[in-house]
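Novice: Need a 3D model of the sequence below.
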Amino acid sequence: MNILYIHTHDTGRVISPYGYKVNTPNIESFCNEAVFFQNAFSVAPTCSPSRAGLLTGVYPHQNGMLGLAQRGFELKRDLHIANILRGNGFLTALCGVQHEIGYYTEHEKAIGTLGYEIDLSADNSSYEGEDLIQWDIENAKNLVNFLKEYDRTKPFFISYGMHATHRKFPSNIDDDQIVDYSVPPINIVNNEITREDFARYQTSLKIADSNIGTIISALKELGIYDDTIIILTTDHGIAFPFAKCTLFDNGIGVMLAIRVPNSKYEGRSFEGLISHIDVLPTLLDLLDIKKPDYLEGKSFAKIFNGEDYVGDDFVFSEINFHTSYEPVRSVRTERYKYIKYFDKEYLKINKSNIDSSPVKDFYMENGLNEFKKDEEYLFDLFYDVFEKNNLAENDEYQDVLNFMRNKLDEFMINTDDPLLKGPIEVKKEWKVNKRESVAAESKNPEDYDSLGSKFGGRA
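Specialist: Sure thing, here's the model as predicted:
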């Protein structure tokens, strides 16, 4: 079997199969032919740590990716799936975005380091941030051309990564997109500013959906579709306040659909809890490749064989660094979510960890700086799906709170979490904003705890 890993940027579950009125017919068509996961979660709500968890089968605090790759954090590269599959006879190729080494557009850095042998990516040097969706289109074309010419002497592992739906969103809103009808997800206030911004998100998403349709159609036309395991996912939640870079479900909930040819569960949805960290052990089981002993994930290959499987009892997620230091851990069950903030000295919003946007500006103008975080959160997700009612101090939930605390403690001990030893020391080679910093891209050196030695002291 070949493997095609298709991934978007910052999409969460904001696609039509999860009930959103957005234009994703190709994604929806693929989900109808795959196993569609209703409750999939990333191990981190930030770009590099999330991807590193999926691609290594261990948590960010274990694989070295405590923060963003372009800010000096480094992955233990031998753990990467491309290195594992290359060592098991696969041709490994990258097409477009990766975010495990350097900046996510620096595709050439991943060749020979992460295990990729071939770079199928188009040149992106002429694109500004809001135009990188055009790079996605060129990369889809390159991938199709590769598939047409591939001699099939080896199975392939191809990572096709898109800039979409990352900010900056496209400058021009798609003609089919009615701004007044572009109501953002319900946890974001609905006004003229947020509707226009969400319309730009949907414009980016439409391009991503078209690219996915192009690639799936080519696989079918070339007779490769039924020889290929296809994984469609994203890294974490959308780049809006209260989503990306939070451990609420809006931050860690992800789209996930996987098609395994001849699966006995094809075309159905699965409701059990699944973590991104489970993907690698599942793939290795499906391919009959011996799993490394260090994997933390739990294989769900049984699903595709039609066997009974209930999913994970617990899913764990974490934040260490995005742009500033914000150490947080969470554990989730089907019903409950427990979140713990470890930086007790700063329980305000880490504003630089929210991507710059008109929506962020709106909230900054309306008191975001005064917003306080609790040290602990407990949510009963059966009755509070939007995670607004903190039950940590509710006497009726103290047994649940203690149970979830203990599960998180067990997890941290079993995975040798560095937070057990106290705050993570900021290394001089990491680029890290101060907790109080507003803009991640600030040019003021005083907005940083470390400018990163490899960045030459530049903000």
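
Novice: Every contact and neighbour count from this point should use C-alpha atoms.
Specialist: Fine.

Novice: before we move on, which element is residue 194 in?
Specialist: Element membership of residue 194, judged by DSSP states H and E, is helix 192-221.

Novice: now for that helix, which elements pack on it?
Specialist: Contact here means 3 or more C-alpha pairs under 8 Å, 6 or more residues apart in numbering; DSSP states H and E; on that basis helix 192-221 packs against helix 25-33, helix 132-149, helix 358-364.

Novice: What residues sit buried inside it?
Specialist: Neighbour counts using 16 or more other C-alpha atoms under 10 Å place 194-216, 218-219 of helix 192-221 among the buried residues.

Novice: of all the helices and strands packed on helix 192-221, which lies closest to residue 272?
Specialist: Closest approach to residue 272 among the helices and strands packed on helix 192-221 (C-alpha to C-alpha): helix 25-33, 16.5 Å.

Novice: quick one: that closest one to chain centroid distance?
Specialist: Here the centre of helix 25-33 is set off from its chain's centre by 20 Å, with C-alpha atoms, centre = their mean, to the nearest Å.

Novice: before we move on, what about stretch 124-139?
Specialist: Taking the mean of its C-alpha atoms, stretch 124-139 sits 20 Å from the chain's own mean (C-alpha atoms, centre = their mean).

Novice: and residue 17, what is it in contact with?
Specialist: Residues counted as contacts of residue 17 (C-alpha atoms under 8 Å, 6 or more residues apart in numbering) are 27, 28, 31.

Novice: Output the residues you listed in JSON lines; the columns should cover pLDDT and distance to residue 97.
Specialist: As requested, those are arranged in JSON lines below (pLDDT from 0 to 100; distance: C-alpha to C-alpha, whole Å):
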{"residue": "27", "pLDDT": "98", "distance to residue 97": "19"}
{"residue": "28", "pLDDT": "97", "distance to residue 97": "22"}
{"residue": "31", "pLDDT": "97", "distance to residue 97": "22"}
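
Novice: can you tell which of the helices and strands packed on helix 192-221 is closest to residue 42?
Specialist: Between residue 42 and the helices and strands packed on helix 192-221, the tightest spacing by C-alpha to C-alpha is seen for helix 25-33, at 18.6 Å.

Novice: quick one: contacts of the closest one?
Specialist: When contacts are taken as C-alpha under 8 Å, 6+ apart, the neighbours of helix 25-33 outside the stretch itself are 15-17, 209-210, 212-213, 257-259, 266-268.

Novice: Apart from its chain neighbours, what residue comes closest to residue 219?
Specialist: Beyond its immediate neighbours in the sequence, the residue positioned closest to residue 219 (C-alpha to C-alpha, 6 or more residues apart in numbering) is residue 225, lying 4.7 Å away.

Novice: For the one you found, what are phi and psi?
Specialist: Per-residue torsions, residue 225: phi -60, psi -40 (degrees, to the nearest 10).

Novice: Kindly report the same for residue 270.
Specialist: phi -120, psi 130.

Novice: measure it to residue 37 for me?
Specialist: Taking C-alpha to C-alpha, to the nearest Å as the measure, residue 270 falls 5 Å from residue 37.

Novice: Look at these two and report which has more neighbours.
Specialist: Between residue 270 and residue 37, counted using other C-alpha atoms under 10 Å, the more crowded position is residue 37 (21 against 18).
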